[in-house]
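# Let's see this in three dimensions:
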Amino acid sequence: MRRLGSWAARRAFLLAVVLPSLIGATYFVGIATDQYVSEARFLVRSRSGTPGGGGGVPGLGSLLGAAGLAPANEEAHAVREFLTSHAAVEGLKGRVDLVEVFTRPEADLLSRLWWDDPERLTRYFTSMVSAVYDPSSGLITLRARSFRPEDSYAIAEELLVLSEALVNRMSERAREDALRVAREEVAVAEQRVAAAREALTALRARQQALDPSRGAAIATETIGQLEGQLTVARADLAARSRFMRPDNPGLIEVRNRIAALERQIAEERQRHTAGEATLATQLAEYERLMLEREFADRQLASAVASLEQARVEAQRQQVFLSRVVEPNLAEYPLYPRRMMNSLGLFIGLAVLYGIAKLLIAGMREHAA
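Numbering: from 1, shown residues only. Below is the predicted model:
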């Protein structure tokens, strides 16, 4: 009875572990198609920030720091996610025929692509392409697998091209976002300057004077000149009255000149007094518009300076993709790992068999 139980246990082990392992080893060693890997490494970096450490690649952090560059972590994570996304699959259309690449005639039945719909193509693509980001060095390692070396190289190369385009778009978008606010401020300032100048031009056209304050000064100066002439005429009259008869023609001429000056001064003063309120209003409006134009000019100058500073800052924060290791054309297939996969399958089945055997023994003991 004990022999029968031992034979049953051996038979179960053979059926559950040995036979599947032999079948798996037969597939991995004799059937599975060779898969070639093309590997590339690159950095996503910016001109600003504090350089990251160089733990992964000796001296890399110090080299970036010396060049005024630093790893751009957020952009690097975005690129890594892009490389294994449906967006990358869509981007490769027209560049690499993925369906043809993954259904080569030499591809075995278990390794090849069986569906060409976008969802399952993307899922298969992510099993053949990997992107790993090392935060210590800032390096992204890209690996592309396929059944031919040239196909793997083409996939890796085109993915790098797409990544460069993505980084450029992100950099341009960030630059435009940084400049948009500054440009809007410049546009507002330009509108304010234009409005102030138009209002000032309209005021001058209504008053028919380039400077109302200058017109008021001229009116005051004219009255002063007339009063000066009147003073001279009166002095002349007083001097002549001492030795001329009252009906002397020369004396009469001086009196007439004095009367004319007095009338002209009275008219100028009346005109000045009558228009004093209007002139004061005009001067106040003119000064207000001049002040508004001055403030508008200052605002425009400040906005233009801010725009230039934003341009410099945007240029300093520009993101680049730098290739460190170009994609290689593989000469030896790294996949499938035939012996390791066969051994791993055997160990995995043996562990599962042992766990199942312990569970069954425990259930029998509990039932007894």
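# all strands of the stretch 201-350 of the chain, in order?
319-325 (DSSP state E, counting those that start in this stretch).
# Point out where it drops to low pLDDT.
207-219, 272-280 (pLDDT under 70).
# now do 50
Where the stretch 201-350 of the chain drops to pLDDT under 50, the residues are 210.
# Let me see the ranges of the helices in the stretch 151-300 of the chain.
212-241, 249-274, 276-316 (DSSP state H, counting those that start in this stretch).
# Doesn't Val44 belong to a strand?
Yes - counting by DSSP: H, G, I helix; E, B strand; the rest coil, Val44 is located in a strand.
# Okay, buried residues for stretch 158-178 please.
Glu158, Leu159, Leu160, Leu162, Ser163, Glu164, Leu166, Val167, Met170, Ser171, Ala174, Arg175 (16 or more other C-beta atoms under 10 Å). The C-beta positions use only the backbone N, C-alpha and C, and glycine is treated the same way.
# roughly how far is it from the heart of the chain?
9 Å (C-alpha atoms, centre = their mean, to the nearest Å).
# same thing with stretch 102-115?
The gap between where stretch 102-115 is centred and where its chain is centred comes out at 42 Å by C-alpha atoms, centre = their mean.
# Which positions in that stretch come out as buried?
In stretch 102-115, counting by 16+ other C-beta under 10 Å, buried: Phe102, Ala107, Ser111, Leu113.
# what's near enough to touch Thr26?
With C-beta atoms under 8 Å, 6 or more residues apart in numbering as the criterion, no residue contacts Thr26.
# That one: helix or strand, and which one exactly?
helix 19-26 (DSSP states H and E).
# returning to that earlier point: and which of the buried residues of stretch 158-178 is nearest to Glu365?
Leu159 (56.8 Å; C-beta to C-beta).
# Would you mind measuring from that closest one to Ile252?
112 Å (C-beta to C-beta, to the nearest Å).
# picking that back up, dump the helices of the stretch 151-300 of the chain into JSON lines; add mean neighbour count and distance to Ala367 as well.
JSON lines is the format used below for the helices of the stretch 151-300 of the chain (neighbours: other C-beta atoms under 10 Å; distance: least, C-beta to C-beta, whole Å):
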{"stretch": "helix 212-241", "mean neighbour count": "14", "distance to Ala367": "113"}
{"stretch": "helix 249-274", "mean neighbour count": "14", "distance to Ala367": "124"}
{"stretch": "helix 276-316", "mean neighbour count": "14", "distance to Ala367": "75"}
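# Please determine how far Asp297 is located from Gly30.
84 Å.
# ok, now Asp177?
57 Å.
# Over to Ala301?
In terms of C-beta to C-beta, Ala301 sits 79 Å off from Gly30.
# And the strands in the stretch 1-150 of the chain?
Using DSSP E, counting those that start in this stretch, strands in the stretch 1-150 of the chain cover 36-46, 70-71, 129-134, 139-146.
# show me where pLDDT drops low in the stretch 1-150 of the chain?
In the stretch 1-150 of the chain, residues with pLDDT under 50: 1, 4, 49-68.
# just to revisit the earlier point, between the buried residues of stretch 102-115, which is closest to Phe13?
Ser111 (29.2 Å).
# Now the closest one, what are its backbone angles?
With angles defined as degrees, to the nearest 10, Ser111 sits at phi -90, psi -20.
# hang on, it packs against Asp34?
No - taking C-beta atoms under 8 Å as the definition, Ser111 is not a contact partner of Asp34, at 9.8 Å.
# Show me whatever sits in contact with both of those two.
Looking at what touches both Ser111 and Asp34 (by C-beta under 8 Å, 6+ apart), the common residues are Phe147, Pro336.
# do you know how far Gln309 is from Arg175?
Where Arg175 is concerned, Gln309 sits at a distance of 14 Å (C-beta to C-beta).
# likewise Arg123?
35 Å.
# that older thread, among the strands of the stretch 1-150 of the chain, which is nearest Ala87?
Using C-beta to C-beta, these put strand 129-134 closest to Ala87, at 12.8 Å.
# just checking, what packs against the closest one?
For strand 129-134, the elements it packs on are helix 73-83, strand 139-146, judged by 3 or more C-beta pairs under 8 Å, 6 or more residues apart in numbering; DSSP states H and E.
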